[in-house]
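Enquirer: here's my sequence, what's the structure:
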Amino acid sequence: MKVYNLNTKSNFNQQNLCITIGNFDGLHIGHQSVIHRLIQEAKKSNLQSTIMSFTPHPKIFFSKSTKLFNINTKHEKLNLLKDMGIHIYVDFEFDNELSNLSANDFILKIIIEKLNVKKIVIGSDFKFGKDRKGNLEKLRELSLTLDFDLVVIDILNINNTEKKFSSSHIRDLITNGNFENVSKMLGRNWSMVGEVIKGDQKARKINFPTANIKPDNKILPKKGVYCVKAIIDSKVYKAISNIGYRPTVDGSVLLLETHLFEFNHDIYGKELTVEFLTFIRAEKKFDNFQELTKQIQKDIKTAKIYHQI
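Expert: Got it, this is the predicted structure:
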């Protein structure tokens, strides 16, 4: 998959694109249905399947927020799209110039003249242009005058209900620790990835060694203890994790600490993937280390029941 970082002044030399437009944050099941259709339509017309996305996310641009927001890192998103079979990923800078383009100018100057698009595949709720004034009716009108094909996909609902798959809803689920439903919406487990670093090794003293990583640059889950899967060197282990500041030991750095069951290897410096499965309890400050130890033992028992160990 070829990746292009563009802005309104960039040159672009690819031709014959079949494109869909959106941020696709999380690449949930609703997104996946659009992308699978995009690939089908591209093959049908002998075109290059292309995703156009934006950095920063328009919601971040307009809110000026510095809060961690994305469900996936860009690296994770690109890997998922590559695995799905996308040919081209266009990461377009979302700035004042782009945000002020009218619906007509966005399609004419960016989609047609700059990106050389021949076919657009889009969901029926698609909005575009300044103040999101462009809609499906406008896009159909422009397809006739600008000579591009338009394929409109009905929005996929959740389990035949009227509820739609939504990145905003998934963010809420993550921040509330509801990973059973996150997994259902994504079609896979949500994860954090990082290099294993040395901690203070206090947990090792109570025979509870942990592999520690600093959280990714993306949305953070509710602080607390979780049943998880841990992946090291492509091997999957049943595990338990805590994400937080470890208030009982006066921790000041946010860490994801993971204890792998039936595992005793030196993995410092290796990449660890932690897939979140279910929430056990919220982070809590205990009066002393002995109370913390007792609670950890209870948490381990809960996790082992969940993992059927």
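
Enquirer: strands along the stretch 201-309 of the chain, start to end?
Expert: With DSSP state E, counting those that start in this stretch, the ranges of strands along the stretch 201-309 of the chain come out as 211-213, 224-232, 235-244, 255-260, 271-282.

Enquirer: go on, the stretch 51-200 of the chain?
Expert: 88-93, 117-123, 149-153, 191-195.

Enquirer: pLDDT at residue 201, what is it?
Expert: Per-residue pLDDT puts residue 201 at 62.

Enquirer: and if you look at residue 264?
Expert: In the predicted model, residue 264 carries a pLDDT score of 85.

Enquirer: how about it, nearest residue that isn't a chain neighbour?
Expert: Taking CB to CB, 6 or more residues apart in numbering as the measure, residue 264 lies nearest to residue 209, with 7.9 Å between them; neighbours along the chain are not counted. For the C-beta atoms, the positions are set from N, CA and C on the backbone; glycine is no exception.

Enquirer: just to revisit the earlier point, so for residue 295, which of the strands of the stretch 51-200 of the chain sits nearest?
Expert: The stretch from these with the least distance to residue 295 (CB to CB) is strand 191-195; that distance is 22.6 Å.

Enquirer: ok now that closest one, how far from the chain's centre?
Expert: 13 Å (CA atoms, centre = their mean, to the nearest Å).

Enquirer: what's the answer for stretch 288-302, then?
Expert: Here stretch 288-302 shows a centroid-to-chain-centroid distance of 32 Å under the convention CA atoms, centre = their mean.

Enquirer: before we move on, what about stretch 113-122?
Expert: Stretch 113-122 has its C-alpha centroid displaced from the chain centroid by 25 Å (CA atoms, centre = their mean).

Enquirer: surely the residue nearest to residue 264 meets residue 261?
Expert: No: contact between residue 209 and residue 261 fails when scored by CB atoms under 8 Å: they sit 11.4 Å apart.

Enquirer: any idea how far residue 125 is from residue 222?
Expert: Counting by CB to CB, to the nearest Å, the gap between residue 125 and residue 222 amounts to 29 Å.

Enquirer: quick one, which of residue 209 and residue 261 is more surrounded?
Expert: residue 209 (17 against 14; other CB atoms under 10 Å).

Enquirer: tell me which of the strands of the stretch 51-200 of the chain sits most buried.
Expert: strand 117-123 (a mean of 22; mean count of other CB atoms under 10 Å).

Enquirer: follow-up on the earlier one: could you dump the strands of the stretch 201-309 of the chain to TSV with mean neighbour count?
Expert: Formatted as TSV, the entries for these read as follows, by neighbours: other CB atoms under 10 Å:
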stretch	mean neighbour count
strand 211-213	23
strand 224-232	22
strand 235-244	20
strand 255-260	23
strand 271-282	19
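
Enquirer: quick revisit: more neighbours: which of residue 125 and residue 222?
Expert: More neighbours surround residue 222 than the other of residue 125 and residue 222, with 17 against 12 (other CB under 10 Å).

Enquirer: quick check: the more buried one touching residue 278?
Expert: No: counting by CB under 8 Å, residue 222 stays clear of residue 278, with 12.0 Å between them.

Enquirer: low-confidence stretches in this structure?
Expert: Using pLDDT under 70 as the threshold, the predicted model of the chain has low-confidence ranges 156-163, 200-206, 250.

Enquirer: and it, what are its domains?
Expert: With automatic domain parsing as the criterion, the domains of the chain are listed as 2-165, 168-307.

Enquirer: chain center to the first one: distance?
Expert: So that's domain 2-165. Its chain's C-alpha centre and that of domain 2-165 lie 16 Å apart, by CA atoms, centre = their mean.

Enquirer: centre-most residue in this structure?
Expert: residue 72 (2.3 Å; CA atoms, centre = their mean).
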